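1. Sharing a sequence plus its predicted fold:
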Amino acid sequence: MQAIRQIVEVKNGNLNMKLPKGFSDGKVEVIILSPEMPEFRGKSISSLRGKLKLTDTQYVDFQTEVTHSREEWEQNI
């Protein structure tokens, strides 16, 4: 499978891309995503602290699950 990742400008709800020769005929799958959300550009992960608005019980459950996930990754297989 060949893949191209390219950021293109959308104008009036349309976009125009020129594909390389390998894509001259046949079907292609098109997936359209917006680039990074601008409100998070240049911010560190720590800027997200407190954004989930968890109750004390939810926070403890979340931390327990995170710890459990980390321990799973550290197991020798």
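-> The structure has been received and is ready for your questions.
2. The closest residue to Met17 other than its chain neighbours: which element?
-> What sits nearest to Met17 in space, not counting adjacent residues and going by Cβ to Cβ, 6 or more residues apart in numbering, is Val8, at 5.8 Å. Backbone N, C-alpha and C define where each C-beta goes, glycine included. Val8 is part of no helix or strand, with elements assigned from DSSP states H and E.
3. Could you check how far Val8 is from Thr57?
-> Val8 is 46 Å from Thr57, where distance means Cβ to Cβ, to the nearest Å.
4. What's the separation between the residue nearest to Met17 and Lys21?
-> Relative to Lys21, and taking Cβ to Cβ, Val8 is found at 19 Å.
5. So for these two, which sits in the more crowded spot?
-> Taking neighbours as other Cβ atoms under 10 Å, Val8 and Lys21 compare with Val8 leading, 10 against 5.
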